[in-house]
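Student: Quick check, what structure comes out for this input:
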Amino acid sequence: MGMYSELYEKSGSDIIRDVGKRYCDYRKRMGYTQKEVAGKSGISVFTISSFENGSSTGITLSSFIKLLRAIDSLDEIEKLLPELPESPRALFRKQSKIK
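Tutor: This next block holds a predicted model:
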């Protein structure tokens, strides 16, 4: 529970700043410059820089997806809200219909 309570104490802007810093780490690890990411994503170097250094916390989800795609890390978006497993009730209903 420890990790969750710390996260809940942060503001939305703080969380976005953390994500921006983390994005910067991912981008560098993948070997891309901000300029290359700008070219691939259609998002300006200024916006990318502002997101990474925490001075802009108003990035849209659509832009974030483009930025992840540009550094070949789009699959990371799955971790944001993983698909829920089917509920036991739904599974039971399915099995009942089969019989």
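Student: Using PDB, write out every CA atom in the helix or strand containing residue 97.
Tutor: Taking DSSP states H and E as the criterion, residue 97 maps to helix 88-98. Written as PDB, here are the backbone C-alpha positions of helix 88-98 (Å, rounded to 0.1, in the frame of the first residue of the first chain):
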ATOM      1  CA  PRO A  88     -16.000 -14.700 -12.200                       C
ATOM      2  CA  ARG A  89     -19.700 -14.000 -12.700                       C
ATOM      3  CA  ALA A  90     -19.300 -13.300 -16.400                       C
ATOM      4  CA  LEU A  91     -17.200 -16.400 -16.900                       C
ATOM      5  CA  PHE A  92     -19.800 -18.500 -15.000                       C
ATOM      6  CA  ARG A  93     -22.600 -17.100 -17.300                       C
ATOM      7  CA  LYS A  94     -20.600 -17.900 -20.400                       C
ATOM      8  CA  GLN A  95     -20.000 -21.500 -19.200                       C
ATOM      9  CA  SER A  96     -23.700 -21.900 -18.300                       C
ATOM     10  CA  LYS A  97     -24.700 -20.900 -21.900                       C
ATOM     11  CA  ILE A  98     -22.300 -23.400 -23.400                       C
END
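Student: Just the buried residues of the host helix or strand of residue 19, please?
Tutor: In the assignment (DSSP H and E), residue 19 maps to helix 12-29. For helix 12-29, a neighbour-count test (16 or more other C-beta atoms under 10 Å) marks 16-17, 19-20, 23-24, 26-27 as buried. All C-beta spots, glycine's among them, are computed from the backbone N, C-alpha and C.
Student: Buried residues in the helix holding residue 97, which are they?
Tutor: When burial is assessed from 16+ other C-beta under 10 Å, helix 88-98 yields no buried residues.
Student: List of residues touching that helix?
Tutor: residue 86 (C-beta atoms under 8 Å, 6 or more residues apart in numbering).
Student: Pull the distance from it to the chain's centre.
Tutor: On the basis of C-alpha atoms, centre = their mean, to the nearest Å, helix 88-98 is displaced by 34 Å from the centre of the chain it belongs to.
Student: ok, now how distant is residue 37 from residue 81?
Tutor: Distance of residue 37 to residue 81, given as C-beta to C-beta, to the nearest Å: 24 Å.
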